[in-house]
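Trainee: Pasted the sequence and its predicted model underneath.
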Amino acid sequence: MAVTSNQQLISDTDGLFEPSVADFWSLLKPRVMSLVIFTGFAGMYVAPGALHPLVFAISLFAIAAGAGASGAINQWYDRDIDAVMTRTKTRPIPAGVMAPAEALTMGLVISALSVLLLGLAANWLAAGLLAFTIFFYAVVYTVWLKRSTPQNIVIGGAAGALPPVIGWAAVTGSLSIEPLLLFAIIFMWTPPHFWALALVKNDDYKAANIPMLPVVAGSLETRRQIVIYAVLLAPLAVVPSFIGMASVGYGVIAALAGLLFVAMSLQLFKTGDHKHAMRLFAYSILYLFLLFLGLVIDHAVLGYLAGAA
């Protein structure tokens, strides 16, 4: 099936049904947004200083809304390839239940409102970072990188790595080594996480002419790259315990979780089967969750002990 050109666009709306609330919700990519909410929350929670609880909640909502808006713009632009891929063909636009113009309008409006809300509620540094994140994902990654280079996920991963930085900036109004470290952890985590799934969905990407690494370089090279990133990520995730950002307890948990991540990557490298690829993909989500949950709990415990001393 040939991929439809993005030049054919908003006029193709014949036969559309009335979109439901669930369709609009799915346009925001809620699973991706949930990760943004959690990492953004972690960045806000571990940052020095404090926000009023209402301001904290509004700021986190704005970060989540910005992520959802960029997902809507992504689905508007990618509707031609989404229609080809089995993983995405049931999304609202390729499924024929939503007009492309509705998705684009929704994405642009929510993008603007989320940036304005964060700027008014917290500060304009955080708002500027949110605006850059939306632009990077919706334009740099979606329009340019995704269809032009096998390094699309590597470079494009910067967008997904920025939420804890935005959260930190919302609280402090500044940047430092700590939020940049959180950025680096997610940035290094993204390629092995996504490439594990890409190995399984390789035929989809071939059909859509998307130059994902497995399509361009093959399974063996992709698995080798996964191992390299896992080996680099595992020690990086322990660094917070060495710079005073977290305790030794966090460092132990991060080290053990990282060793398992490396072991599973090596297992995938040896076998190359889809079963181990999906296991690594699933564990990678748990791994990132454990790292950021560990930072939150560690910060809460250290704060309690400091207050009790």
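Mentor: Thanks, I have the structure now. Numbering: from 1, shown residues only.

Trainee: doesn't residue 221 make contact with residue 199?
Mentor: No: in this structure residue 199 lies outside contact range of residue 221 using CB atoms under 8 Å: 11.0 Å. C-beta: built from backbone N, CA, C; applies to glycine.

Trainee: The two: which is more packed in?
Mentor: Neighbour count, other CB atoms under 10 Å: between residue 199 and residue 221, residue 199 has more, with 24 against 13.

Trainee: quick one, phi/psi of the closest residue to that one other than its chain neighbours?
Mentor: Nearest residue to residue 199, sequence neighbours excluded (CB to CB, 6 or more residues apart in numbering): residue 277, at 4.5 Å. Torsion angles at residue 277 (phi, psi; degrees, to the nearest 10) stand at phi -60, psi -40.

Trainee: so who does residue 277 touch?
Mentor: Residues near residue 277 by CB atoms under 8 Å, 6 or more residues apart in numbering: 196, 197, 199, 200, 268.

Trainee: so which of those residues comes closest to residue 29?
Mentor: residue 197 (14.6 Å; CB to CB).

Trainee: tell me the contacts of that closest one?
Mentor: Contact analysis of residue 197 by CB under 8 Å, 6+ apart lists 277, 278, 281.

Trainee: residue ranges of the helices in the protein, please?
Mentor: Taking DSSP state H, the helices of the chain run over residues 21-27, 30-46, 53-77, 79-82, 100-121, 124-135, 152-161, 163-172, 177-200, 202-207, 213-217, 219-236, 248-271, 274-308.

Trainee: just these: most buried one?
Mentor: helix 163-172 (a mean of 28; mean count of other CB atoms under 10 Å).

Trainee: what mean pLDDT would you report for that one?
Mentor: For helix 163-172, mean pLDDT is 98.

Trainee: Let me see the residues that make contact with that helix.
Mentor: 36, 39-51, 56, 59-60, 63, 67, 118, 122-123, 125-126, 129-130, 133, 175-176, 178-180, 182-183, 186, 292.

Trainee: picking that back up, and of the helices of the chain, who's closest to residue 89?
Mentor: The closest of the helices of the chain to residue 89 is helix 79-82. By CB to CB, the value is 6.3 Å.

Trainee: Okay, residue 63 and residue 69: tell me how far apart.
Mentor: Between residue 63 and residue 69 the computed distance is 11 Å (CB to CB, to the nearest Å).

Trainee: Quick check: neighbours shared by the two?
Mentor: Joint contacts of residue 63 and residue 69 (CB under 8 Å, 6+ apart) are residue 114.

Trainee: so who does the closest residue to residue 302 other than its chain neighbours touch?
Mentor: Sequence neighbours aside, residue 247 is the residue nearest to residue 302 in space, at 6.2 Å (criterion: CB to CB, 6+ apart). If a contact means CB under 8 Å, 6+ apart, then residue 247 has 241, 298, 301, 302 as its contacts.

Trainee: now stretch 263-283: how far from the chain's centre is it?
Mentor: Offset of stretch 263-283 from its chain centre (CA atoms, centre = their mean, to the nearest Å): 21 Å.

Trainee: quick one: terminal-to-terminal distance for it?
Mentor: Taking CA to CA, to the nearest Å as the measure, stretch 263-283 stretches 11 Å from start to finish.

Trainee: what about it, average pLDDT?
Mentor: When pLDDT is averaged over stretch 263-283, the result is 97.

Trainee: Also stretch 52-62?
Mentor: Computed over stretch 52-62, the average pLDDT equals 97.

Trainee: Return the distance of it from the chain's centre.
Mentor: With CA atoms, centre = their mean as the basis, stretch 52-62 stands 20 Å off its chain's centre.

Trainee: same check, this time on stretch 227-239
Mentor: With CA atoms, centre = their mean as the basis, stretch 227-239 stands 18 Å off its chain's centre.

Trainee: All set now, cheers.
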